[in-house]
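Enquirer: fold the stuff below for me.
(one chain, ligands or ions: 2)
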Amino acid sequence: MTTLLIKNACIVDGTQTEPTAPMQIAIENGRIAEVAPTVTFTADEELDLAGLTVMPGLIDCHVHTIATTANLGANAALPSSLVAAKASHLMRDMLMRGFTTVRDLGGADRGLQQAVEQGYFAGPRLVICGKALSQTGGHTDYRGPYDNRDVSWYVNQLGTLGRICDGKPELMRAAREELKNGAQFLKVMADGGVSSPSDPIGYLVFSVEELTALVEIARGFGTYVSAHLYDDTAITRALDCGITCIEHGNLISDATITRVAREGAFVVPTNITYDLLARKGAEFGLPPESVAKVADVREAGLERLTKMHAAGVTMGYGSDLLGGMQTEQSGEFPLRGRYIPADAVIRSATVDAAKVLRMEGQIGAITPGAYADIIAVNGNPLKDLNLLTDQGAHIPLILQGGRAVKNATTL
Ligand code: ZN
Ligand code: ZN
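Expert: Ligands and ions are numbered 1, 2, ... in the order given. Below you'll find the predicted structure:
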């Protein structure tokens, strides 16, 4: 099938506080050709979506498709073939929750991306950075104290989120290798983190010289650097070095929020992960020292949502869940909805997420020229964000590139 006409589509994309009047959406060769109250278009197939709410396919700006368990050290040691098999299931489940695009923040490779593109398994469009770049004792170094075994093997394991590089030459080489291997942006661990044993939050790990060199490489390649950050000093330093995408950002100060809004940088909060880690981390295999770190950032992250929204910061939707916790991927919607308006929450997973991914006009919008990634929701998510949860139970239709990957409409 190459042409499809969707009728009676009341569209919600987060740019307005009410659904649109019924529209017709003409789809040709996987892309949206026309959107208007009436179109003159002869299609091979028609879908009448009266009674449903139509949305662009959702975008999660921060996932880890290869994190098959929350114990990332154990995950790193798994055979790559097993990790790929498990990742295919994690990705299929993301798609079935309505996420037609996800950005992987460390671990996914070009092979997983190609497997989806070539139809070996169903999954979201995958935007990748290859391995995240970390340093000895940093956020992707899973060795504890007294363990100085060589970890150069990390780079060849699909189950590792990152690779270890110390000093400007090693970092530059690693960045260039990731870009050569298909990375679409670079990810750097520019602060300590929760899921690793020896890096306290607020640890200014990479030097200014290292971070600046990384930004230069990314810019030279026509892309950007995204950084794992919590602490305000670490965030300010990263911004000074030219980093334009802040992951987490839980401890950002009011002054830095104003600066981020002014400079047009992006923030991808990932509150659901702390919410869930605090409740169920140990059960899902998170080591005790990591569970203890969660409390430091959980409340702060939620409180900052309201401030960032008020300041006009462009926020992307992020879940950042590991292993079995990934079933809670959509929980970030109602969690954010307690702090900011529903239209803003939706926008973070549609038009604003597309900005974060530098894919404006391609995804996250029902506009001519965009991929026909479209979902239909049973009810109005502007009134109830929980409609986007429950593993896609309230989403009877999921189109990806104009093709139905789920169609439980009775129309
Ligand atoms: Zn992170
Ligand atoms: Zn992450």
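Enquirer: distance check, the spatially closest residue to E45 that is not a sequence neighbour against ligand 2.
Expert: Among residues not flanking E45 along the chain, L4 sits closest, at 5.1 Å (C-beta to C-beta, 6 or more residues apart in numbering). Every residue, glycine included, has its C-beta placed from N, CA and C. For L4, the distance to ligand 2 (C-beta to the ion, to the nearest Å) stands at 36 Å.
Enquirer: run through the stretch 1-150 of the chain and note the low-pLDDT ranges.
Expert: Along the stretch 1-150 of the chain, segments meeting pLDDT under 70 span 1.
Enquirer: OK, contacts around the residue in it that ligand 2 sits nearest to?
Expert: Closest to ligand 2 within the stretch 1-150 of the chain is L105: 4.5 Å, counting by C-beta to the ion. Applying C-beta atoms under 8 Å, 6 or more residues apart in numbering to L105 gives the contacts H62, V63, H64, C129, A132, L161, K187, S226, H228, E247, D320.
Enquirer: repeat that for 10 Å
Expert: Residues counted as contacts of L105 (C-beta atoms under 10 Å, 6 or more residues apart in numbering) are 61-65, 127-129, 132, 161-162, 185, 187, 226, 228, 245, 247, 268, 270, 318, 320.
Enquirer: same question, S198
Expert: T136, G137, G138, H139, D141, Y142, R143, G144, P145, D147, G192, E289.
Enquirer: my reading is that it lies in a helix. Confirm?
Expert: No. Assigned with DSSP: H, G, I helix; E, B strand; the rest coil, S198 falls outside any helix and is coil.
Enquirer: and it, how close does it get to M189?
Expert: 12 Å (C-beta to C-beta, to the nearest Å).
Enquirer: give me the common contacts of those two.
Expert: Counting by C-beta under 10 Å, 6+ apart, the common neighbours of S198 and M189 are G138, H139, D141.
Enquirer: which SSE is the first one in?
Expert: It stands for G138. For G138, there is no enclosing helix or strand under DSSP states H and E.
Enquirer: near it, how many other residues are there?
Expert: 26 (other C-beta atoms under 10 Å).
Enquirer: ligand 2 next: which of the contacts of L105 are close?
Expert: D320 (C-beta under 5 Å from the ion).
Enquirer: the stretch 51-200 of the chain against ligand 2: which residues are in contact?
Expert: So the stretch 51-200 of the chain meets ligand 2 at L105 (C-beta under 5 Å from the ion).
Enquirer: tell me which stretches of the stretch 51-200 of the chain form strands.
Expert: Here the stretch 51-200 of the chain has its strands, by DSSP state E, counting those that start in this stretch, at 53-56, 58-63, 99-104, 125-127, 132-134, 162-164, 186-189.
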